[in-house]
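Enquirer: Sharing a sequence plus its predicted fold:
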Amino acid sequence: MTDLCLSFAGEALARSLLDALPVPAGLHRGGALFASNPALQRLSGLSGSELGERPLERLLAEQDRPALTQAAAQCLCGDEPPALAATLLTRDASQRHVEITQRRLDIDGQPTVLITCVDHSDILHVQSSLFALSDMLRQIVDHAPLATFVIDMNHRVTHWNAACTALTGKAAHEMIGRTDTWRAFYPTERPLMADLVVDGLSGDALMARYGEAAQPSKLVQGCCEVEAFFGQLGDLGRWIFFTAAPLRNAEGEIIGAVGSMQDITTRKQAEEELMCHRNQLELLVEARTVELEASTAALTAFIDNAPIGVSYVRSHRIERCNRAMEKMFGMAEGSSIGRDTPSLFGGPQEFKAFLSAAGPELLAGRPTHQEQWLRRVDGERIWVQMNAFMPDPADPQWGSWWMVQDRTEVRAAQDELREQFERVRDTNRRLEEAQNQLLQSEKMASIGQLAAGVAHEINNPIGFVSSNLNTLRQYVDDILRLVDTGKTAIDQLPDEPLLDPVRRMREEIEIDYLREDLPQLLDESADGLSRVKKIVQDLKDFSRVDQSEWQEADLNAGLESTLNVVRNEVKYKAEVVKCLGTLPAVRCLAGQLNQVFMNLIVNASHAITGHGTITLSSGTEDRWAWIQVDDTGCGMSDEVRRRIFEPFYTTKEVGKGTGLGLSLAFSIVQRHAGAIQVRSTPGVGSSFRMWVPVDGPESLPPGSQPPCWG
């Protein structure tokens, strides 16, 4: 039992002193707290009344309750129990680690216990955290892949991780606690960088001790690093990257050092190999440079002496140019450098067109080849062949190389050859046209000869048919007189029975009808025979087999005979209106002009859809005779009208036209020194007027033209 026992007169005074205590405290007499100060209420989260209602031991965790009850009983008996470490339960079920002390008091003569609680929860939390942190740091050091060791201020090894063991061959139990750390690295005693750091040497002193190999760390102040070869490590020694950093306490005092090591042997070997390769590469580059300089010199000489123009262009400016290029464009030697390439073109549009054609090819990495006109500095135009390429289209710093060859003479020769070729082709075309026209003429001549032969053959039967028809008319007249005489006899002897058979026969054969119809039949037969004779004569006139030389001819008669020949082609398509004027005899090839008439009339008929009108007219003006054919057909567009006289050009369906009719007509009229004029309106019709000189082509002065068609 202790001698310390405080007595208070009055419970109120005791409560006042209790409230003044800064630590959580309360009063009890073996049961619940009958008084508690605000500090205890805040710690427990319970009010004073709640603390007074709850048994004292219920304030602690269950494992601490027996010890609290026993200590309270001892205190009431006058003993001083030791401080009790316990766990206090708060209102929100959290636990606080407290240290409980109990002291006996006498209040108004009654034994009372003063219980105080000191909250150690925060201190314990900090301690636990420090222990955990220390353990974590130890594990970090021990399990770090980087070889690491720690020495304290007495140079004693406190940590030696597994990586250190693997690197040095020294186990942790061999090194921890020792102060001779140098044995793991050197055969003789020599302080490590970590030892020098613990001794407080500055960075300059460390570098002086280790030489130029030591460098201050750029990451940690006071830390140094060095690369050194340690011959004792491994079979052949190792290159180690060694760092040492000080460990300081809260006051900044050095209490130890941490050293870390990294095996850089492989890197050093790679550096040595790289250095060897570098030296070899430098020798190779030097040799290649010599070769390249020789090649460049040879290439430069080749470019400078090349017979074609060679230039290097970048940003539309010439940066390099050989003499052949300067000579080609009439430049003074060396004056081409810096010249704008657009100035070598005929104008901005030509340069823009050139870029549009060549630019996409060059940017795509493909060479470009083209020929075009360029301009010398004196303004003369030259035809050149250009070949170009870009060494690296992806790099905008690169320009392009151009090889230019003057092909002006070749172009002139090509143009001359092309002109000669065009002349030959035109000659061939005219020959082909003449050949086809000749074939057509021969064909028409053959048809004319055939028609003349047919007409001649028809003339013979027509002659005797005509003669027999005249004789038949005489016979019929005699028979009709006989019939008339018989009728007179019958009329005079009406009662004569011998004439009854005659009367019956006259009635059976309708003699009166025959008397009227028979002369009409003879007249119609004579008219048909005359028409046949006219057709045969027109056929002979159209063919003109006996008139193949230049002679005087009636064009109106030729037009009439031609119309009769083609009437069957026309009569179902159109009504023919003739407005023929008086024409003098025209010196011409009548048979050929008849063929022109036929082609114009047949074409007019073919141009009519349904039924229309064809108008034939003629006239003279200034010693020129003209024949005109108008139709109410479909007409022609300007494009068709410009081409109608071309050989083999036709607008008819395949198989219905050769395209030679109007071409042949045009040639025939040209042979007569005449012309064919055309007017046409689509949907309205066409008009063709043929002009020929009345006195023949030899009567005209050179350059004569027919009058204008007014």
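Expert: That came through fine.
Enquirer: Can you give the contact residues for the longest strand anywhere in the chain?
Expert: Under DSSP state E, the strand in the chain containing the largest number of residues is strand 95-107. Residues from elsewhere that reach strand 95-107 (C-beta atoms under 8 Å, 6 or more residues apart in numbering): 4-8, 10-11, 14, 24, 27, 43, 61, 68, 71-72, 75-76, 78, 80-81, 83-90, 111-121, 124. No exception for glycine: its C-beta is placed from N, CA and C like everyone else's.
Enquirer: swap in stretch 614-626?
Expert: Contacts of stretch 614-626 (C-beta under 8 Å, 6+ apart): 555-556, 559, 563, 570, 574-581, 583-584, 586, 601, 604-605, 608, 627-632, 674, 689-695, 699, 706-707.
Enquirer: Put the buried members of those residues into a PyMOL selection.
Expert: A single PyMOL command is used to select the members of those judged buried by 16 or more other C-beta atoms under 10 Å:
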select buried, resi 555+556+559+563+570+574+576+583+586+601+604+605+608+627+628+629+630+631+632+674+689+690+691+692+693+694+695+706
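Enquirer: In helices, which of the contacts of stretch 614-626 fall?
Expert: L555, N556, L559, L563, V570, I601, A604, S605 (DSSP state H).
Enquirer: And the residues you listed, which is closest to W383?
Expert: A604 (52.2 Å; C-beta to C-beta).
Enquirer: Can you tell me, leaving aside adjacent residues, what's nearest to that closest one?
Expert: Leaving aside its chain neighbours, A604 sits nearest to D631 (3.7 Å; criterion: C-beta to C-beta, 6 or more residues apart in numbering).
Enquirer: which ones are touching the one you found?
Expert: A574, A604, S605, A607, I608, G612, T613, I614, T615, G685, S686, S687.
Enquirer: separation between the closest residue to the fourth one other than its chain neighbours and F688?
Expert: Same thing as A607. Once flanking residues are discounted, A607 sits nearest to G633: 2.9 Å by C-beta to C-beta, 6+ apart. Taking C-beta to C-beta, to the nearest Å as the measure, G633 falls 11 Å from F688.
Enquirer: now E516
Expert: 50 Å.
Enquirer: same check, this time on I151
Expert: For I151, the distance to F688 - C-beta to C-beta - is 127 Å.
Enquirer: Among the two, which residue is more densely surrounded?
Expert: The neighbour comparison of I151 against F688 (other C-beta atoms under 10 Å) goes to I151, with 26 against 23.
Enquirer: On the three-state scheme, the more buried one is what?
Expert: strand (DSSP: H, G, I helix; E, B strand; the rest coil).
Enquirer: how many other residues sit next to Q102?
Expert: Q102 has 21 nearby residues by other C-beta under 10 Å.
Enquirer: what about the strands in the stretch 1-150 of the chain?
Expert: 6-8, 25-28, 33-36, 84-89, 95-107, 110-119, 147-152 (DSSP state E, counting those that start in this stretch).
Enquirer: Quick one: list the elements packing against the second one.
Expert: For strand 25-28, the packing partners by 3 or more C-beta pairs under 8 Å, 6 or more residues apart in numbering; DSSP states H and E come out as helix 11-20, strand 33-36, helix 38-44, strand 110-119.
Enquirer: right, so the ones you listed: which one is the most enclosed?
Expert: Mean neighbour counts were compared across the helices and strands packed on strand 25-28 using mean count of other C-beta atoms under 10 Å; the top stretch is strand 33-36, at a mean of 22.
Enquirer: list the helices and strands that one packs on?
Expert: Strand 33-36 packs on helix 11-20, strand 25-28, helix 48-53, going by 3+ C-beta pairs under 8 Å, 6+ apart.
Enquirer: Name the surrounding residues that touch that strand.
Expert: So strand 33-36 is contacted by 11, 14-15, 18, 25-28, 48, 51-52, 56, 115 (C-beta under 8 Å, 6+ apart).
Enquirer: again, only using 7 Å
Expert: With C-beta atoms under 7 Å, 6 or more residues apart in numbering as the test, strand 33-36 has contacts from R15, L18, G26, L27, H28, G48, L51, G52, L56.
Enquirer: pLDDT below threshold where in the stretch 301-450 of the chain?
Expert: Low-confidence segments of the stretch 301-450 of the chain (pLDDT under 70): 396, 431-450.
Enquirer: those strands in it, which residues are they?
Expert: 309-314, 317-321, 368-375, 381-389, 400-406.
Enquirer: Rebuild those as JSON lines, extending it with mean neighbour count.
Expert: Below are the strands of the stretch 301-450 of the chain laid out as JSON lines (neighbours: other C-beta atoms under 10 Å):
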{"stretch": "strand 309-314", "mean neighbour count": "20"}
{"stretch": "strand 317-321", "mean neighbour count": "19"}
{"stretch": "strand 368-375", "mean neighbour count": "15"}
{"stretch": "strand 381-389", "mean neighbour count": "17"}
{"stretch": "strand 400-406", "mean neighbour count": "19"}
